[in-house]
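S.K.: here is the input, now give the coordinates:
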Amino acid sequence: MWPALAMYDFLLHAFRDKGTVPGPRRSGWRSDGAQIPQMRVRIGLQRCPQAASARELRHQKCIESGLGNSTAMRRDPAQLANAQFDVLIIGGGAFGAAAAREAALHGLRTAIIERSDFGSGASSECFKMVHGGIRYLQHADIRRLRLSCHERSTLLRIAPHLVRPLPIAIPTFGRGRRGRAFLGAGALLYDLLTFDRNDGIVDPTRRINRTRFLSRMEVLELHPHLSSPELSGAVVFEDGQMYNPARLVLAFVKAAVAEGAVACNYVEAQHYLWRGTHVVGVRALDRLTNETFDVRARLTLNAAGPWADLLNHTEPRLATARRGPFSRDAYFIVDRPPQSSYALALPGLSRDKDAVFSRSNRHLFTVPWRDKTLVGVWHRHWNDSPDAAQIDREELRSWIAELNTVHPALGMSIDEVTFANCGLVPFGETATQHELSFGKESRLIDHRFVHGVEGLVTLIGIRFTTARFDAARALGLLLEQWPEGRRRSRSDATTTIALPGGDITDFNAFRASCRKKLAGLPEPTIDGLVCNFGTEYRDVLSTLPDVRVDTSQLIGRSTLRHEVAYAVEHEMAVRLDDVVLRRTDLGAGVHPGRIALERAAEVMAQRLGWSSDRKRGEIELTERILAKHHARAAPSGQLQEAGYVTHQAVN
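M.R.: Next comes the predicted model:
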């Protein structure tokens with residue numbers, strides 16, 4: 001006992017005093033045993049007058065146009081062409097969106113452009129996990145472990161409606177590396193290394209619990225199919241889970257817009273603009289109108305993910321850089337209601353060749369998500385165009401065969417698959433099919449030192465969880481080239497200020513209040529409003545003031561017409577798949593059905609002035625995208641079943 005306490009005291013001082021984790025400590029326990037009270041902190045910012053004026057002007061325009069709040073997003077490429085920005089961010093995924101919020105909170109005049117829709121790439125295709133870094137324990141990489149834990153805490157703090165704790169059970173078998181003692185020791189060490197994991201998290205439902213152990217009997221009660229003579233129980237640790245990754249990306253973009261940033265989707269950077277060796281913006285293409293224009297900025301961040309290298313290679317002076325390897329990370333969703341609130345780790349057939357300490361094969365996970373189960377993740381080298389990334393049906397068959405080989409009791413069938421996702425992330429260069437070598441960290445390139453080019457930094461992120469931190473690092477490198485902008489900075493605020501809709505101190509109480517106010521609506525509909533929009537759900541319901549909020553307004557299983565209208569009028573949805581896959585729950589792990597697509601398209605057509613041909617084209621395009629994801633319609637009657645299961649899944 002005393003050695004453990006001594007180690008705890010050492011780690012507490014070592015990590016705190018040496019600044020291993022960025023940001024101030026705000027709650028917890030001092031080494032002398034006295035408790036530090038928890039506080040909700042909203043740090044004031046130093047903002048430049050120009051940015052403040054832009055925010056005030058935008059807010060006034062919102063009021064005059066009846067939008068009601070300054071987070072409303074309207075697509076207006078003219079704002080990009082007619083202004084000089086401090087920072088231009090290319091790419092509207094998790095890393096670009098986080099960078100836009102970071103820059104706007106710094107008081108910088110910020111623009112962000114995305115060649116498709118915000119969060120339409122790897123960010124929305126991710127496994128919906130918010131990793132706290134436990135896997136870095138087997139790599140003996142304490143720095144990354146601590147960083148991941150800190151960033152998981154930040155997301156739980158600033159987006160409690162979109163991120164929640166997720167308990168993960170690792171079954172234990174016999175002794176040795178698969179045994180209770182070995183795994184339990186690792187999990188308890190992880191607890192020790194993440195002693196401050198709940199700092200500043202006011203809501204008790206969003207705090208990460210310590211490691212706990214399940215007996216053999218408890219495991220079998222939760223998962224009867226795990227019956228095995230060697231099963232001794234399970235070790236349970238907690239990570240985080242996103243309710244809707246695309247909406248989390250959008251929340252960062254909306255936060256940036258609220259601070260005066262200009263955001264525009266379906267705008268593609270074609271090539272850089274130059275002044276000598278200095279990048280001063282991009283020539284951009286509006287992919288909806290085919291018009292080109294210049295976006296000028298003092299500093300440029302290329303955060304376009306797997307497309308970042310392709311843009312850089314259009315420039316002769318940057319083309320010497322070799323495109324890094326990417327992994328196509330993939331998983332699928334099955335129509336199995338979760339048996340419990342626990343995710344389950346099962347051994348697969350591949351290994352992480354870089355692990356210092358490892359049980360043996362890497363884990364595959366079955367994860368409860370809403371009324372379904374996520375299964376993954378599989379990795380494959382991807383050398384083709386990022387636009388071509390997808391999963392073929394034979395791959396699904398092989399993955400299910402792998403699961404049924406290592407765990408026959410699952411008895412999984414391809415007919416249960418309702419959706420399949422994949423996205424590209426940096427990968428290790430020495431990986432094989434069965435010996436994986438994962439990308440260690442996000443790729444951050446300061447082109448001053450690599451190519452002698454100023455005003456440009458490239459960021460290719462690897463983990464959604466650390467997007468905010470990596471974005472801050474990238475912005476810091478850019479601001480080194482502009483001392484005046486750096487003097488304005490107060491980046492610590494980005495870990496404490498809630499994202500739009502996230503100003504919630506007790507999520508369960510908030511949800512209970514919403515259920516009472518919206519009695520008569522199905523629980524999945526209410527939970528969707530609460531989790532997707534948080535405190536902004538009232539704005540959603542007021543979008544159609546003359547339309548009653550009742551079940552007659554449902555589109556698909558649980559989505560209201562109001563949500564579709566709100567997506568168009570307030571969230572820059574300009575195509576049907578924007579609404580179906582990234583703004584609402586219509587395509588959340590399932591095909592919503594042809595009738596639902598037609599009804600959603602009609603709501604959009606009324607607001608965007610679509611012709612019948614355009615509406616038909618949008619429906620067909622969305623159908624092709626859903627087919628690419630192997631989307632399958634939900635069985636009839638599932639709405640009644642989903643009420644209970646979804647209640648469990650959003651706790």
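S.K.: when you work out contacts or count neighbours from here on, use the C-alpha atoms and nothing else.
M.R.: Fine.
S.K.: quick one: residues contacting the residue lying closest to Val367 once chain neighbours are set aside.
M.R.: The spatially closest residue to Val367, leaving aside those adjacent along the chain, is Ala343, at 4.3 Å (C-alpha to C-alpha, 6 or more residues apart in numbering). Contact partners of Ala343, counting by C-alpha atoms under 8 Å, 6 or more residues apart in numbering, are 166-169, 365-368.
S.K.: and Arg175, by the same measure?
M.R.: Shown in contact with Arg175 (C-alpha under 8 Å, 6+ apart): 181-182.
S.K.: could you find the closest non-adjacent residue to the residue nearest to the spatial centre of the chain?
M.R.: The structure's the chain has its C-alpha centroid closest to Pro245; by C-alpha atoms, centre = their mean the separation is 3.9 Å. Excluding its sequence neighbours, the residue lying closest to Pro245 (C-alpha to C-alpha, 6+ apart) is Ser124, at 5.1 Å.
S.K.: wait, the one you found touches Met242, no?
M.R.: No - applying C-alpha atoms under 8 Å as the test, Ser124 and Met242 come out as separate, 10.3 Å apart.
S.K.: give the contact list for the residue nearest to the centre of the chain.
M.R.: Neighbour list for Pro245: 119, 123-126, 128, 162 [criterion: C-alpha under 8 Å, 6+ apart].
S.K.: so which of those residues are in helices?
M.R.: When DSSP state H is applied, those are split such that 123-125 fall in helices.
S.K.: Serialize those residues to a markdown table and add fields for distance to Arg180, neighbour count and pLDDT.
M.R.: What follows is the ones in helices among the contacts of Pro245, written out as a markdown table (distance: C-alpha to C-alpha, whole Å; neighbours: other C-alpha atoms under 10 Å; pLDDT from 0 to 100):
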| residue | distance to Arg180 | neighbour count | pLDDT |
| --- | --- | --- | --- |
| Ser123 | 35 | 27 | 96 |
| Ser124 | 35 | 24 | 96 |
| Glu125 | 34 | 19 | 97 |
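S.K.: tell me which of those is nearest to Arg561?
M.R.: Ser124 (22.6 Å; C-alpha to C-alpha).
S.K.: residues touching the closest one, list them.
M.R.: Listed by C-alpha under 8 Å, 6+ apart, the contact partners of Ser124 are 244-246, 582.
S.K.: ok, it to Phe118 distance?
M.R.: Look at Ser124 and Phe118: by C-alpha to C-alpha, to the nearest Å, they are 9 Å apart.
S.K.: cool, Val334 as well?
M.R.: Distance of Val334 to Phe118, computed by C-alpha to C-alpha: 26 Å.
S.K.: what about these two, which has more around it?
M.R.: Using other C-alpha atoms under 10 Å, the more surrounded residue of Val334 and Phe118 is Phe118, with 30 against 23.
S.K.: quick one: Glu230 and Pro171 touch, right?
M.R.: No - with contacts counted by C-alpha under 8 Å, Glu230 stays clear of Pro171, the gap being 10.2 Å.
S.K.: residue ranges in the protein under the pLDDT threshold?
M.R.: Low-confidence segments of the chain (pLDDT under 70): 1-71, 321, 349-361, 428-440, 486-492, 635-651.
S.K.: on the three-state scheme, Ala297 is what?
M.R.: strand (DSSP: H, G, I helix; E, B strand; the rest coil).
S.K.: find the residue closest to it in space, skipping its chain neighbours.
M.R.: Phe85 (4.4 Å).
S.K.: picking up where we left off before, mind listing the shared neighbours of Ser124 and Phe118?
M.R.: Common neighbours of Ser124 and Phe118 (criterion: C-alpha under 8 Å, 6+ apart): Ala246.
S.K.: surely Ala99 and Arg468 touch.
M.R.: Yes - using C-alpha under 8 Å, Ala99 is in contact with Arg468, at 6.9 Å.
S.K.: which SS state does the closest residue to Ile400 other than its chain neighbours fall under?
M.R.: Once flanking residues are discounted, Ile400 sits nearest to Met412: 6.5 Å by C-alpha to C-alpha, 6+ apart. Taking three-state DSSP as the rule, one finds Met412 in the coil state.
S.K.: contacting residues around Met412?
M.R.: Per C-alpha under 8 Å, 6+ apart, neighbours of Met412: 400, 403-404.
S.K.: okay, those residues in TSV with distance to Ile555 and secondary structure next?
M.R.: Formatted as TSV, the contacts of Met412 follow (distance: C-alpha to C-alpha, whole Å; DSSP: H, G, I helix; E, B strand; the rest coil):
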residue	distance to Ile555	secondary structure
Ile400	32	helix
Leu403	35	helix
Asn404	36	helix
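S.K.: top of those by neighbour count?
M.R.: Leu403 (22 neighbours).
S.K.: how about it, what does it touch?
M.R.: Per C-alpha under 8 Å, 6+ apart, neighbours of Leu403: 348, 410, 412.
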